[in-house]
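In: Structure for the following, please:
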Amino acid sequence: MIERIEPTGLFGLPDLAAQASVVTGGRLAFLSGQLAWDDEGGIVGAGDHAAQVAVIADRIDRTLAALGVDRSAVVKETIYVVDYRPDLVPVLLGGLHGATPPSSTLVGVAALADPAAVVEVECVVAVP
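Out: Below is the predicted model:
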């Protein structure tokens, strides 16, 4: 079970990220950073944030399914972005979240492990 906390008077983006997420019961799983790799290891959507987020979301969904959960079990995510601009926030967060957004941190970076990657996402997940 995950309880999402939005303190009164604290500015945030509650439709895009929770201020705090509390796990009660269960275990935590830590997903490695996901890049927009296809099943053969080729990058998809080189330089295209939205295209890469779609592939990353699918990779995360497939990993969550292997754990027996869905996106509602994501407690915390960290999103690393090359060439960050504020207008990317809805593209990035909207493409990753289910109905209830997790706690989230977005970090602008110079480069990622694959030179054609512009987005990488790692997650902490509550597993029953």
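In: What pairs with the host helix or strand of Ser32, parallel or antiparallel?
Out: Per DSSP states H and E, Ser32 falls inside strand 27-34. Using DSSP bridges, the strands paired with strand 27-34 are strand 119-127 (antiparallel).
In: list the buried ones in the partner strand?
Out: Within strand 119-127, the residues scored as buried using 16 or more other CB atoms under 10 Å are 119-126. Where you see a C-beta, it was placed from the backbone N, CA and C, and this is true even at glycine.
In: Can I get the residues you listed in JSON lines including distance to Gln34?
Out: As requested, the buried residues of strand 119-127 are exported to JSON lines (distance: CB to CB, whole Å):
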{"residue": "Val119", "distance to Gln34": "9"}
{"residue": "Glu120", "distance to Gln34": "7"}
{"residue": "Val121", "distance to Gln34": "5"}
{"residue": "Glu122", "distance to Gln34": "7"}
{"residue": "Cys123", "distance to Gln34": "8"}
{"residue": "Val124", "distance to Gln34": "13"}
{"residue": "Val125", "distance to Gln34": "12"}
{"residue": "Ala126", "distance to Gln34": "18"}
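In: and of those, the nearest to Leu112?
Out: Lowest distance from Leu112 to those (CB to CB) belongs to Glu120, with 5.0 Å.
In: contacting residues around that closest one?
Out: 33-35, 56, 79-80, 112-113 (CB atoms under 8 Å, 6 or more residues apart in numbering).
In: measure it to Arg4 for me?
Out: The gap separating Glu120 from Arg4 is 24 Å, by CB to CB, to the nearest Å.
In: related to what we said a few turns ago, buried subset of the contacts of Glu120?
Out: Buried subset of those (neighbour count, 16+ other CB under 10 Å): 33-35, 56, 79-80, 112.
In: and after the longest helix seen in the chain, which helix or strand comes next?
Out: As assigned by DSSP state H, the longest helix anywhere in the chain is helix 49-67. Going down the chain from helix 49-67, the next helix or strand is strand 74-82, by DSSP H and E.
In: Give me the distance from that following strand to the chain's centre.
Out: When distances are taken as CA atoms, centre = their mean, to the nearest Å, strand 74-82 is centred 4 Å away from the chain's centroid.
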